[in-house]
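Asker: What follows is a predicted structure for the sequence shown.
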Amino acid sequence: MFIDTHVHLNADQYEEDLQDVINRALEAKVEKMVVIGFDRKTIERTMELIEQYDFVYGVIGWHPVDAIDCTQEDLEWIEELAAHPKIVGIGETGLDYYWDKSPKDVQQALFRKQIQLAQKIDLPIIIHNRDATGDVVNILREENAASVGGVMHCFSGSVETARECIAMNFMISLGGPVTFKNARLPKEVATDIPLEHLMIETDAPYLAPHPYRGKRNEPAFVPLVAEEIARLKGLTIEEIAQATTDNAKKFFGIDS
């Protein structure tokens with residue numbers, strides 16, 4: 001059994017064939033999926049999906065790229081929705097310095113507010129980080145994010161950064177990039193970081209693993225991530241599946 005801990009089944013890319021995508025995931029033994037809502041539209045769709053499917057759980061928050069669009073009313077709405085028993089985290093939040101839609105100071109302010117919200121309602125935080133590692137780690141430390149912990153989603157940093165995050169009570173989640181031929185850092189992290197700190201994801205429909213790179217990703221491909229981690233660690237895919245599933249269940253409080 002696998003758990004895809006970060007997937008966007010609420011994306012427009014699945015509008016026409018969502019049930020087929022879900023069926024393929026179940027056939028691939030991806031038996032639970034955590035759907036991420038990161039703006040008004042995708043949060044609303046996340047809430048629909050967790051009601052529709054027993055095996056779908058949700059994380060809701062506001063993406064840093066769109067931080068400039070987030071209002072206090074939006075944060076209060078997220079807090080209200082997060083009372084749902086199948087909402088298992090706040091996010092994805094963090095910093096994204098690659099895109100320039102939202103100024104850095106606006107992103108940082110919203111990041112801090114969402115950490116504080118997660119602390120208020122006692123849910124973990126799912127972190128998006130692109131080209132902003134230093135500021136992400138510093139803000140997590142300054143806001144005492146270790147008090148609730150979280151997930152470094154689709155982690156692409158160094159082993160040293162991974163260890164810093166683990167010390168702050170964060171899990172390291174690896175996705176499709178670990179399968180890319182020249183993805184040196186994710187492969188080093190997969191090799192070095194103890195299995196008890198790892199989870200797996202697709203970030204579908206984005207970042208499809210090899211040999212589907214460049215195509216639409218889907219949760220049925222998460223076993224390919226596990227397969228590469230197994231190769232790097234010299235373990236069986238069954239061992240990776242069991243460990244990462246146990247990690248995700250414990251972390252998110254997901255029942256069997």
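Answerer: Arrived safely.

Asker: helix, strand or coil for Asn138?
Answerer: helix (DSSP: H, G, I helix; E, B strand; the rest coil).

Asker: For burial, what's the neighbour tally of it?
Answerer: Counted with other C-beta atoms under 10 Å, the neighbours of Asn138 add up to 12. From N, CA and C alone the C-beta is placed, and that goes for glycine too.

Asker: next one: the one 3 residues further on
Answerer: Here the number of neighbours of Arg141 (other C-beta under 10 Å) works out to 13.

Asker: So it lies in a strand, does it not?
Answerer: No - read with three-state DSSP, Arg141 is helix and lies in no strand.

Asker: Find the nearest non-adjacent residue to it, please.
Answerer: Met168 (6.6 Å; C-beta to C-beta, 6 or more residues apart in numbering).

Asker: Hmm, the one you found is touching Gly149, no?
Answerer: Yes - contact criterion C-beta atoms under 8 Å: Met168 and Gly149 qualify, at 7.5 Å.

Asker: between these two, which one's more packed in?
Answerer: Legend: neighbour count by other C-beta under 10 Å for Met168 and Gly149, higher for Gly149 (19 against 16).

Asker: which parts of the longest helix along the chain are buried?
Answerer: Longest helix in the chain by number of residues (criterion: DSSP state H): helix 104-121. Using 16 or more other C-beta atoms under 10 Å as the test for burial, helix 104-121 gives Gln107, Gln108, Leu110, Phe111, Arg112, Lys113, Gln114, Ile115, Leu117, Ala118, Gln119.

Asker: got the residue ranges for the helices in the protein?
Answerer: Along the chain, the segments classed as helices by DSSP H run 18-27, 40-52, 72-81, 104-121, 133-142, 159-167, 184-192, 222-233, 237-252.

Asker: Of all these, which one is nearest Ala11?
Answerer: Taking C-beta to C-beta, helix 40-52 is the member of the helices of the chain nearest to Ala11, at 7.4 Å.

Asker: Kindly provide the distance from Gly61 to Asp131.
Answerer: For Gly61, the distance to Asp131 (C-beta to C-beta, to the nearest Å) stands at 20 Å.

Asker: Also Tyr14?
Answerer: Counting by C-beta to C-beta, the gap from Tyr14 to Asp131 is 28 Å.

Asker: same check, this time on Thr71
Answerer: Where Asp131 is concerned, Thr71 sits at a distance of 26 Å (C-beta to C-beta).

Asker: Next one: Arg24 from Ile43, what distance?
Answerer: 25 Å.

Asker: For those two, work out which one has more neighbours and name it.
Answerer: For the pair Arg24 and Ile43, the greater number of neighbours falls to Ile43 (23 against 15), based on other C-beta under 10 Å.

Asker: How about the contacts made by that one?
Answerer: Gly37, Ile60, Trp77, Ile78, Leu81 (C-beta atoms under 8 Å, 6 or more residues apart in numbering).

Asker: The second one is in contact with Val34, isn't it?
Answerer: No - contact criterion C-beta under 8 Å: Ile60 and Val34 do not qualify, at 11.0 Å.

Asker: Count the neighbours of Ala220 for me.
Answerer: If we define neighbours as other C-beta under 10 Å, then Ala220 has 22 of them.

Asker: Would you mind giving me the confidence score for it?
Answerer: Ala220 is assigned 98 on the pLDDT scale.

Asker: State the distance from Val30 to Ala190.
Answerer: 19 Å.

Asker: right, I mislabeled it, should have said Arg184
Answerer: In terms of C-beta to C-beta, Arg184 sits 11 Å off from Ala190.
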